[in-house]
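[1] Kindly generate the corresponding structure for this input.
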Amino acid sequence: MAFSLGVVDWWICVLVLSSTLFFGLFLAIRRKASANSSRFFLADRRLSWPLVGASLFATNIGAEHLVGLSGDSYRYGLSAGTVELTTCWTLGFAAFFLFPFYIRNRVFTTPEFLETRFHPMARVLFSGLMLIISITTKMAFHLYAGALVLRGLVGWDVMTVVWVMGAIAAFITIVGGFTAVAYTDSIQAGIIIAGCAIMMFTGLHRVGGWAGLSAHVPTAMHIARPYDDPNYPFLGVLLTAIYGGTFYWGVDQVNVQRVLGARNLEQARWGAMFTILLKLLPVFIFALPGVIALALFPGRESKTTFVTLLNELLPTGVRGLVLAALFASLISSTLSVMNSVSTLVVRDFVLHFRPRTGEYSQVMFGRFAIAVAALLGVFAAYAILKTPEGLYKYLQTVSLYLELPVAPAIVFGILSKRVTAAGALASVLVGSVFSTVFVTDQLIGVHTGSRLFPFLHSSPLTLNYTYRGLWGSIAGTITLFAVSAFTKKTDPEKLARLTISWRGKAERFRGILDWRLQLATLTVITAGLYWYLA
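    Numbering: from 1, shown residues only. Prediction:
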């Protein structure tokens, strides 16, 4: 597709991005963000709720949302964005049940909590898994998706862009630490929302508004697909939120680290509510433009949807802002992953084997880990150059399978005093078997077209990744409680501060400022959107 960005577009893009990056670094340097490990990894636990919420949103929104979600919506309609609205329940659950225990115990990482709850080796094993997930899925896909669009726009070589973007993100994270990441994320969240909102409104105007779009592509405007839909079954997606979404928002270090940097639990919960509010937008500003492209430009390749919208829909100047939004999503999400990787390496490995490591050395190890992670992320991006068209769906699938083994042990380890270390280990082993089968079948099927495990394709309730993850999680949960029932119980004094007391007093209601009222309001809005779009 022939395309040429004008000088004005490039100036706007470079000006917007450079100003946000320099501002984030300026704030980090002024606050001496690398003075000690607490500042470098958690911004000295001083983040207010707007920073927590905006950073959570920007961390979640990578280039695969702008590129992959619009492309999948071109192919499958608004149903591709179904999962985006489930944040209300999953992040709300994490804010209610999980965040209090992380903040109360002042941990740096979620694996650190596992060591306290179960066993030191649980921390090392889970941290290693999180490193694999962060580098091979999150970082690699963020870099690759953005580079793919730039190749379509200006013909730049994919791997060249991956190297450059990886180097920029690594430099900012190494110099500014978590403070630079949090402030940069927050500013770039605004850029992402503004740029993509302009694209959405421009497209709606061109297609004749919501009514005109519904008349052009009526089937693509429904978010609810049948239970046996092979791509985005509505029931399967909602069930996925119960286990996959809870892990993503409540356990995944990349996201939880934003919460751990909050001043206190109240700020963390308000930040989570702000994120839920922002997460009402992606189905409109990311998925809806893909449906608009289907109405205006039918017969195109779905993987070029975002490029098509930039090329044929937006005027000069606006293209530069939307391109800046793409870069912002790529950089902010990559910054977050790199920062979390460095925290995991230092807190869960360096300090585990060298507990007397000083503050200065911890920061130096963290910076070295960022550089290594950047290199590994680039190589992982190279390995997925043959990723199929459904980039967004592919990322969701592989991430879910990799997270499956550990979700039950962590979530129920906080919710139930019955769970033991032996039960947690057994559930991880069972979950790992399911995960290995699912990932192997997925990768071989995508790249060769063959079916390694035919039984997985014989029923609508095992064909889609959402159902497969559900059965694997159920098996892991059953194993967790079955083994826990016959193994040594955990010390009651230890459980008192690490698990929920279901008989404790409820928090005092604080009126309009109470996060529970905010969550209830957001839940009603979310349910209303599901009903309207169904």
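[2] tell me what the one helix or strand residue 180 maps to is packed against?
    Assessed by DSSP states H and E, residue 180 sits inside helix 158-207. On a contact count with 3 or more CB pairs under 8 Å, 6 or more residues apart in numbering; DSSP states H and E, helix 158-207 meets helix 7-30, helix 37-42, helix 49-60, helix 140-154, helix 209-216, helix 288-296, helix 318-345, helix 359-383. Quick note: C-beta positions are derived from backbone N, CA and C, even for glycine.
[3] and the most centrally placed residue in the chain, what does it touch?
    With distances taken as CA atoms, centre = their mean, residue 60 lies nearest the centre of the chain, 3.7 Å away. Residue 60 sits next to 255, 275, 279, 333 when contact means CB atoms under 8 Å, 6 or more residues apart in numbering.
[4] By neighbours, which of those wins?
    Highest neighbour count within the contacts of residue 60: residue 333, with 29 neighbours (other CB atoms under 10 Å).
[5] where's the nearest residue to it once chain neighbours are set aside relative to residue 326, distance?
    Nearest non-adjacent residue to residue 333, counting by CB to CB, 6 or more residues apart in numbering: residue 62, 3.7 Å away. For residue 62, the distance to residue 326 (CB to CB, to the nearest Å) stands at 10 Å.
[6] on that earlier part again, assess the claim that the residue nearest to residue 333 and residue 144 are in contact.
    No: contact criterion CB atoms under 8 Å: residue 62 and residue 144 do not qualify, at 10.2 Å.
[7] Centre of the chain to stretch 179-188, how far?
    Put simply, stretch 179-188 sits 16 Å off its chain's centre (CA atoms, centre = their mean, to the nearest Å).
[8] pLDDT of that stretch, averaged?
    Mean pLDDT, stretch 179-188: 82.
[9] and if you look at stretch 17-28?
    Per-residue pLDDT values over stretch 17-28 give a mean of 78.
[10] Stretch 413-427 too?
    When pLDDT is averaged over stretch 413-427, the result is 88.
[11] Buried residues, it. List them.
    413-414, 416-417, 419-427 (16 or more other CB atoms under 10 Å).
[12] mind saving the C-alpha coords of it as PDB?
    Only the C-alpha atoms of stretch 413-427 are listed here, as PDB (Å, rounded to 0.1, in the frame of the first residue of the first chain):
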ATOM      1  CA  GLY A 413      -4.000 -18.900  48.400                       C
ATOM      2  CA  ILE A 414      -5.300 -15.500  49.400                       C
ATOM      3  CA  LEU A 415      -9.000 -16.400  49.500                       C
ATOM      4  CA  SER A 416      -8.800 -19.700  51.500                       C
ATOM      5  CA  LYS A 417      -6.900 -20.800  54.600                       C
ATOM      6  CA  ARG A 418      -7.400 -24.500  53.400                       C
ATOM      7  CA  VAL A 419      -4.800 -24.200  50.700                       C
ATOM      8  CA  THR A 420      -1.400 -25.700  51.500                       C
ATOM      9  CA  ALA A 421       2.000 -25.500  49.900                       C
ATOM     10  CA  ALA A 422       1.800 -29.100  48.700                       C
ATOM     11  CA  GLY A 423      -1.600 -28.400  47.200                       C
ATOM     12  CA  ALA A 424      -0.300 -25.300  45.400                       C
ATOM     13  CA  LEU A 425       2.600 -27.300  44.000                       C
ATOM     14  CA  ALA A 426       0.300 -30.100  42.700                       C
ATOM     15  CA  SER A 427      -2.000 -27.600  41.100                       C
END
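[13] So what's the gap between it and the chain middle?
    26 Å.
[14] what's in contact with that stretch?
    With contact meaning CB under 8 Å, 6+ apart, stretch 413-427 is reached by 97-98, 101, 114, 117-119, 122, 405, 408-409, 412, 476-477, 479-485, 487-490, 492, 495, 498-500.
[15] Stretch 263-274 too?
    Under the contact criterion CB under 8 Å, 6+ apart, stretch 263-274 has outside partners 45-54, 56-57, 91-92, 94-95, 99-100, 103-104, 258-259, 262, 515, 518-519, 522.
[16] three-state assignment of residue 300?
    The local conformation at residue 300, judged by DSSP: H, G, I helix; E, B strand; the rest coil, is coil.
[17] How much space separates it from residue 380?
    Residue 300 is 29 Å from residue 380, by CB to CB.
[18] who's more crowded, those two?
    Neighbours per residue, other CB under 10 Å: of residue 300 and residue 380, the larger number sits with residue 380, 20 against 17.
[19] Next, count neighbours for residue 321.
    Neighbour count of residue 321, defined by other CB under 10 Å: 19.
[20] and the closest residue in space to it that isn't next to it in sequence, how many residues sit next to it?
    Distances taken as CB to CB, 6+ apart place residue 195 nearest to residue 321, at 4.7 Å, with adjacent residues excluded. Using other CB under 10 Å, residue 195 has 27 other residues around it.
[21] Next, the contact list for residue 195, please.
    321-326, 328.
[22] per-residue pLDDT, it?
    Confidence score, pLDDT, at residue 195: 86.
[23] just to revisit the earlier point, OK, contacts around the residue nearest to residue 333?
    Applying CB under 8 Å, 6+ apart, we find residue 62 in contact with 138, 141-142, 145, 329-330, 333-334.
[24] cool, residue 188 as well?
    Residue 188 makes contacts with 20, 58, 328-329, 331-332, as judged by CB under 8 Å, 6+ apart.
[25] If we ignore the residues flanking it in sequence, what's nearest it?
    Closest residue to residue 188 apart from its sequence neighbours, by CB to CB, 6+ apart: residue 328 at 3.7 Å.
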